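S.K.: this one's sequence-less:
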């Protein structure tokens, strides 16, 4: 209900957000991490890799960006708690954080659904951006 000019606006009785402030902050941090197309594609590649993990060298193949840029994006996914990493010699391998596997699956399903609903013919394309 909108307030007329000169009237005060008071919330409807029982009006509340579905989500508390702390939950919203946590969800926003995760959504921000996957809000970049390259990071979303990297997360998808890591989650669907038949080996259960992806080397940074594999993930660099998704883009023409320089290796430091790829590492920066992976760091943001790691800071959001979506992936974990392990250094083996020169290379770093990434896998979905076991405690976040369900969240990652939901995020990737949602992203696919949104792309399909928007009618993006490239939704499942493997081309570099």
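M.R.: Great, that's in hand. All values derive from a computational prediction rather than experimental measurement.
S.K.: residue ranges for the strands of this protein, please.
M.R.: Ranges of strands within the chain are 54-55, 83-88, 91-96, based on DSSP state E.
S.K.: looking at the ones you listed, which is closest to residue 77?
M.R.: strand 83-88 (4.8 Å; C-beta to C-beta). Any C-beta I mention is one placed from the backbone N, CA and C, and that applies to glycine too.
S.K.: Which elements pack onto the closest one?
M.R.: Other helices and strands packing on strand 83-88, by 3 or more C-beta pairs under 8 Å, 6 or more residues apart in numbering; DSSP states H and E, are helix 67-79, strand 91-96.
S.K.: To residue 26, which of the strands of the chain lies closest?
M.R.: strand 83-88 (16.5 Å).
S.K.: excluding its backbone neighbours, what's nearest residue 104?
M.R.: residue 96 (5.0 Å; C-beta to C-beta, 6 or more residues apart in numbering).
S.K.: Would you mind measuring from the one you found to residue 82?
M.R.: 7 Å (C-beta to C-beta, to the nearest Å).
S.K.: need the contact list for the residue nearest to residue 104.
M.R.: Applying C-beta atoms under 8 Å, 6 or more residues apart in numbering to residue 96 gives the contacts 43, 46, 47, 82, 83, 84, 104.
S.K.: Could you do residue 101 as well?
M.R.: Residue 101 touches nothing, counting by C-beta under 8 Å, 6+ apart.
S.K.: tell me the centre residue of this protein?
M.R.: residue 34 (2.3 Å; C-alpha atoms, centre = their mean).
S.K.: isn't that one right up against residue 40?
M.R.: Yes - Residue 34 is within contact range of residue 40, at 4.9 Å (criterion: C-beta atoms under 8 Å).
S.K.: Now for these two: what residues contact both?
M.R.: Shared contacts of residue 34 and residue 40 (C-beta under 8 Å, 6+ apart): residue 111.
S.K.: Let me see the contact set for the residue nearest to the centre of the chain.
M.R.: Counted by C-beta under 8 Å, 6+ apart, residue 34 has contacts 40, 43, 77, 80, 82, 107, 111.
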